[in-house]
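> Pasted the sequence and its predicted model underneath.
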Amino acid sequence: MKIKEIVTYIVIILIGIIVAQHMNVVVSGSMEPALHRGDIVIVDNNPGPVQVGDIIVYKADGFPHPVIHRVIYTGKTPGGDTFFVTKGDNNPSPDPVAVDPDQIISRAVSINDAPLVIPKIGHMTLWIRGL
């Protein structure tokens, strides 16, 4: 009986680790009303081609936590490199620095153009992380 319980706990922990890799907690209100602080967004860690309208998670230079914002423009530099202009839905202006494809961590999974979200359940994570 004990072995079965141990195996069950191990399986639950492994599933939790795998699922957690496909979730991201929203840390600010910059994406309201689509995403609220404390929401958990389901993400695809292999985002494939990013398009205008996609919500991406990326590493912003000089910012300690990943940023979750919407792509509002995509373009090419004179050298032919792709870049993305992002903006929080609730922000008055675009982010000050364009995003390089190498900065993108993941893309929000959407159903009918709405991000797949688990509302408010990430507040505990924010509290633990001191955010």
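Thanks, I have the structure now. Residues are numbered from 1 along each chain as shown.
> any weak-confidence spans in the chain?
1, 9, 11-22, 123-126, 128-131 (pLDDT under 70).
> can you give me the strands in it?
Ranges of strands in the chain, per DSSP state E, are 23-25, 40-44, 55-58, 67-76, 82-87, 104-108, 110-111, 114-115, 117-118.
> Pick the most buried one from those.
With neighbours taken as mean count of other C-beta atoms under 10 Å, the strands of the chain reach their highest mean count in strand 55-58, at a mean of 23. All C-beta spots, glycine's among them, are computed from the backbone N, C-alpha and C.
> Could I get the strands of the chain in JSON lines, plus columns for distance to residue 34?
What follows is the strands of the chain, written out as JSON lines (distance: least, C-beta to C-beta, whole Å):
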{"stretch": "strand 23-25", "distance to residue 34": "13"}
{"stretch": "strand 40-44", "distance to residue 34": "9"}
{"stretch": "strand 55-58", "distance to residue 34": "7"}
{"stretch": "strand 67-76", "distance to residue 34": "8"}
{"stretch": "strand 82-87", "distance to residue 34": "12"}
{"stretch": "strand 104-108", "distance to residue 34": "9"}
{"stretch": "strand 110-111", "distance to residue 34": "10"}
{"stretch": "strand 114-115", "distance to residue 34": "6"}
{"stretch": "strand 117-118", "distance to residue 34": "8"}
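> how near is residue 47 to residue 109?
As judged by C-beta to C-beta, to the nearest Å, residue 47 and residue 109 stand 10 Å apart.
> out of those two, which sits in the busier spot?
Using other C-beta atoms under 10 Å as the criterion, residue 47 and residue 109 rank with residue 47 on top: 18 against 15.
> so who does the more buried one touch?
By C-beta atoms under 8 Å, 6 or more residues apart in numbering, the contact set of residue 47 is 54, 56, 104, 106, 107.
> Return the member of those residues nearest to residue 113.
Using C-beta to C-beta, residue 54 comes nearest to residue 113 of the contacts of residue 47, at 10.2 Å.
> show me what contacts the residue sitting nearest the centre point of the chain?
Centroid check for the chain by C-alpha atoms, centre = their mean gives residue 57 as the closest residue, at 3.9 Å. Neighbouring residues of residue 57 by C-beta under 8 Å, 6+ apart: 24, 41, 43, 66, 67, 68, 104, 105, 106, 107, 108.
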